[in-house]
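Enquirer: Have a look; sequence and predicted model below, questions after that.
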Amino acid sequence: MGARLASAVYLDHPVTRERIILQPGDEPEPELAALITNPNAWEHGEAPEAAEPEPEQTSTPAPTE
């Protein structure tokens, strides 16, 4: 269960630039939650921990002789 908002938050979506209105009690996705830095916007006065990005898996071909 994610962190819940204590107040309404207005922000622009980072990709689409659409205006988003999040309501009290909403649990925004981690990408949006990372944009909400005001601790007063969150229940218990703490922003959720930023999710660690998954390390990129790169495969290198085996050397051929």
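Expert: Good, I have the coordinates.
Enquirer: dump the residue contacts of Asn40.
Expert: Counting by C-beta atoms under 8 Å, 6 or more residues apart in numbering, Asn40 makes contact with 6-7. The way it works is simple: take the backbone N, C-alpha and C, and place the C-beta from them, glycine included.
Enquirer: Kindly report the same for Ala3.
Expert: Counting by C-beta under 8 Å, 6+ apart, the residues that Ala3 touches are 27, 33, 42-44, 46-48.
Enquirer: what about the strands in this protein?
Expert: Shown for the chain, the strands assigned by DSSP state E span residues 9-12, 19-22.
Enquirer: Show me what counts as buried in the first one.
Expert: Counting neighbours by 16 or more other C-beta atoms under 10 Å, one finds that the buried residues in strand 9-12 are Val9.
Enquirer: Likewise for the last one?
Expert: Residues of strand 19-22 classed as buried by neighbour count (16+ other C-beta under 10 Å): Leu22.
Enquirer: Just give me the neighbour total for Ala41.
Expert: For Ala41, the tally of surrounding residues (other C-beta atoms under 10 Å) stands at 18.
Enquirer: just checking, it touches Leu5?
Expert: Yes. Ala41 is within contact range of Leu5, at 5.8 Å (criterion: C-beta atoms under 8 Å).
Enquirer: hmm, back to that, quick one: which of the strands of the chain is nearest Thr37?
Expert: strand 9-12 (10.5 Å; C-beta to C-beta).
Enquirer: and Gly2, how far is that from Pro24?
Expert: Gly2 sits 14 Å away from Pro24, taking C-beta to C-beta, to the nearest Å as the criterion.
Enquirer: and Trp42, what are its bridge partners?
Expert: Counting by DSSP bridges, Trp42 forms beta bridges with Leu5.
Enquirer: Point out where the protein drops to low pLDDT.
Expert: Residues of the chain meeting the criterion pLDDT under 70: 1, 50-62, 65.
Enquirer: hmm, try it at 50
Expert: For the chain, residues meeting the criterion pLDDT under 50 lie at 51-55.
Enquirer: and Ala33, how many neighbours does it have?
Expert: 23.
Enquirer: And Gly2, by the same measure?
Expert: Neighbour tally, Gly2, other C-beta under 10 Å: 12.
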